[in-house]
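> Any chance you can model this:
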Amino acid sequence: MRGTVQKKGNKWYAVIYDGVNPATGNYRRRWVSAGTRRGDAEKLLAELVKRSHRGETVVSEKLTLGEYLTERWLPIQEARLRKSTHDAYRRNIELHVIPALGRRPLDQLSPEDIDMFYAALLKSGRKKRPGEKGPARGLAPKSVHNIHVMLNKALGDAARKGTAVRNVVALADAPSLQARKRPEIKAWEIDQLVRFLDAIASHRMAPAFYFAAHTGMRRGEVLGVRWRDIDLDAGRVSVRQSLVSVAYEVSISDVKTGTSRRTIDIDDGIVRVVADWHTTRTDERGGFAPAADDLVFVKADGTSMHPDIFSQLFDRTVAKIDIPDISLHDLRHTHATLLLKAGVNVKVVSERLGHASVAFTMNVYQHVLPGMQAEAADTFSLLINNQRRAAGAATSRNGASQTPMRAALPVRGETG
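Sure, this is the predicted structure:
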C-alpha cells in the first residue's frame, strides 16, 4: 500500500491508495484525518503502511461514530458490564455524543474534534430540564472524564479490530480532575443521628435504617442483603450483592467493586433488631419464616422496595425534624465520621466501608483526620514526657548509692 500526506484547509490528512477501481481504472484513495499538524499526518501514514505490510486491516468500512457506538459497540458491552454502567454509557452516548459527533465518519475524527467536544461539555453540556430557564450550565469535570473513559474504550476497540484507523480519543486531552473542587462531606453528629433514629422508629422500615446507620453499607447493599448473608450468632453480615435501579427498573447486581465484597461485624443491639424483624416477616408471611435467599428488608407483601422510594422516605423523615439536611448516602459518611472521631483505626473503617484502599478512605475523610493527628501529637509528647520523668525518678533513687562508688574510682589521667 502506498500513500502520501496532504492538507485541506487547516487540517492534514494521510491519503492512502487502496487499490484500483476496476470500473474506472483509477486509484482509489481514502483520506484519513490526522489533525492540524503535518507531523501527525506523517506518523499516521507510516502506521497505516506498517499495518498493511503486516496483513492487518487498515480500514474495513465506512461508519459514523454514532452508528459504531449504538449498533456495534454498545450491544456487545451489555453482556460485559454491570447494568448500571451499561445504562450510564447509553445515556451519555444518546445525550451528549450523538448530538455533537454522531454523524462524523470514524476515519474523519481528529483529536482536536474530541478536545472541542470536551470543551463544549464543560461550558454548556448540562441538559436543561423541562421549563428550566437561564443560560446552559456545564457538566462537572468528573462527568466529562467519564465520557472520555467510555469513548477511549470504544475507539480503542474499534482500532484494535480494524473498524477505525486509530484511536483519536487516546490523543485527546482528557479533562483534569486534579483541580476540581472536592465535594463537601456531610455527616451528622451523634445526637443528630439519634434524633433521626428516634423519629423513624415508628415506621415499618425502621430496621433497615438502623441497619444502614450501624454498618455504613450503601443503599443498594442494605436493600440487597439476604437472610443467608446475616449470621446472628456470630454477629456478622456478608456483603455480596446490591439492589440497583437502572432506568427505574429494579434488579440484583454484583457489588460495586471487588473490595465491596466484605464481611462486617454488627453489635448485639442490631442483632436484636434483625431478630425482631425476622419475627415480623414471619408473621407477615402467615407464620412461615422467610427463605434463606429472600431479601431481608422488603415490603409487607415480600416484594423489594425501590431504592428511590427508600431514599424518599429518608428525606421526608429528615424534613420533619430539626437536624441538618443530608442525603441517605450521607448516613454512610456519618457512620465513618463518628467512628474516626472516636479513634477507631482508619484501616478498620476502610474495611467496613468496602473502600479500595486505606489511602482512599483517608482522602475522603481528611476533614476528620486533622483532629486525630493533633491527638496523636499530644499522645507522642506524653510518651516522651513520661519516659523523662521515669528516667529522672530512677536517677534520684540511685544517686545516693552511686556517689561513693564514683568517688572511689580513679580520675582519668591519675595513676594508682
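> just the strands in the protein please.
For the chain, applying DSSP state E gives strands covering 2-8, 11-20, 27-35, 230-231, 236-239, 241-246, 249-254, 262-265.
> roughly how far apart are residue 332 and residue 216?
5 Å (CB to CB, to the nearest Å). Heads up, the C-betas are built off the backbone N, CA and C, glycines and all.
> got any residues that touch both of the two?
Common neighbours of residue 332 and residue 216 are listed as residue 353 (criterion: CB atoms under 8 Å, 6 or more residues apart in numbering).
> Turn the strands of the chain into CSV, columns for mean neighbour count, distance to residue 367 and mean pLDDT.
Formatted as CSV, those follow (neighbours: other CB atoms under 10 Å; distance: least, CB to CB, whole Å; pLDDT from 0 to 100):
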stretch, mean neighbour count, distance to residue 367, mean pLDDT
strand 2-8, 14, 54, 82
strand 11-20, 18, 49, 74
strand 27-35, 18, 44, 71
strand 230-231, 16, 32, 97
strand 236-239, 19, 26, 96
strand 241-246, 21, 27, 90
strand 249-254, 14, 31, 88
strand 262-265, 16, 24, 95
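> quick one: which of the ones you listed is nearest residue 142?
strand 241-246 (20.0 Å; CB to CB).
> List the contacts of the residue lying closest to residue 63 once chain neighbours are set aside.
Nearest residue to residue 63, sequence neighbours excluded (CB to CB, 6 or more residues apart in numbering): residue 106, at 5.2 Å. Residues near residue 106 by CB under 8 Å, 6+ apart: 62, 63, 64, 65, 68, 158, 163, 164, 165.
> swap the cut-off to 7 Å and go again
63, 64, 65, 68, 158, 163, 164 (CB atoms under 7 Å, 6 or more residues apart in numbering).
> ok, now residue 225?
237, 296.
> What backbone torsions are found at it?
Dihedral angles of residue 225 (phi, psi; degrees, to the nearest 10) stand at phi -70, psi 140.
> about what we covered before: turn the strands of the chain into JSON lines, columns for distance to residue 94.
Shown next, in JSON lines, are these (distance: least, CB to CB, whole Å):
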{"stretch": "strand 2-8", "distance to residue 94": "31"}
{"stretch": "strand 11-20", "distance to residue 94": "28"}
{"stretch": "strand 27-35", "distance to residue 94": "25"}
{"stretch": "strand 230-231", "distance to residue 94": "40"}
{"stretch": "strand 236-239", "distance to residue 94": "33"}
{"stretch": "strand 241-246", "distance to residue 94": "15"}
{"stretch": "strand 249-254", "distance to residue 94": "17"}
{"stretch": "strand 262-265", "distance to residue 94": "35"}
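> Tell me which of those sits nearest to residue 301.
Nearest of these to residue 301, taken as CB to CB: strand 249-254 at 14.5 Å.
> could I have that closest one exported to PDB, CA atoms only?
Below are the C-alpha coordinates for strand 249-254, written out as PDB (Å, rounded to 0.1, in the frame of the first residue of the first chain):
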ATOM      1  CA  GLU A 249     -36.200  -0.900  36.800                       C
ATOM      2  CA  VAL A 250     -35.000  -2.700  39.900                       C
ATOM      3  CA  SER A 251     -32.600  -5.600  39.600                       C
ATOM      4  CA  ILE A 252     -30.000  -7.500  41.600                       C
ATOM      5  CA  SER A 253     -26.400  -6.700  40.700                       C
ATOM      6  CA  ASP A 254     -22.900  -7.600  41.900                       C
END
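> Show the pLDDT at residue 233.
What the model reports as pLDDT for residue 233 is 96.
> For residue 166, see how far away it is.
59 Å.
> Compare the two and say which one has the larger neighbour count.
A count of neighbours by other CB atoms under 10 Å puts residue 166 above the other of residue 233 and residue 166, at 23 against 6.
> List the contacts of the more buried one.
Residue 166 sits in contact with 44, 47, 159, where contact means CB under 7 Å, 6+ apart.
> And it, its phi and psi?
Torsion angles at residue 166 (phi, psi; degrees, to the nearest 10) stand at phi -160, psi 170.
> and what of residue 344?
Dihedral angles (degrees, to the nearest 10) for residue 344: phi -70, psi 140.
> Could you do residue 328 as well?
Torsion angles, degrees, to the nearest 10, at residue 328: phi -60, psi -40.
> ok, it - how many residues close by?
Neighbours of residue 328 (other CB under 10 Å): 19.
> Could you check how far it is from residue 237?
From residue 328 to residue 237 the distance is 18 Å (CB to CB).
> same deal with residue 376?
Counting by CB to CB, the gap from residue 376 to residue 237 is 31 Å.
> Give me the contact list for stretch 322-336.
Contacts for stretch 322-336 (CB under 7 Å, 6+ apart): 185-188, 192-193, 195-196, 212-213, 216, 218-219, 311, 314, 318, 349, 353, 365.
> Just the buried residues of the residues you listed.
Among the contacts of stretch 322-336, those classed as buried by 16 or more other CB atoms under 10 Å are 185, 187-188, 192-193, 195-196, 212-213, 216, 218-219, 314, 318, 349, 353, 365.
> among the residues you listed, which are in helices?
192, 193, 195, 196, 212, 213, 219, 314, 318, 349, 353 (DSSP state H).
> pretty sure the second one contacts residue 213?
Yes. In terms of CB atoms under 7 Å, residue 193 counts as a neighbour of residue 213; the distance is 6.3 Å.
> Poorly predicted segments of the stretch 151-300 of the chain, please.
178-183, 256 (pLDDT under 70).
> just to revisit the earlier point, who wins for most neighbours among the contacts of residue 106?
Ranking those using other CB under 10 Å puts residue 65 first, with 26 neighbours.
> do you know how far it is from residue 189?
For residue 65 relative to residue 189 (CB to CB), the value is 51 Å.
> ditto for residue 211
From residue 211 to residue 189 the distance is 21 Å (CB to CB).
> Look at these two and report which has more neighbours.
residue 211 (21 against 14).
> In contact with the closest residue to that one other than its chain neighbours, which residues?
Leaving aside its chain neighbours, residue 211 sits nearest to residue 222 (5.9 Å; criterion: CB to CB, 6+ apart). Counting by CB under 7 Å, 6+ apart, residue 222 touches 208, 211, 212, 297.
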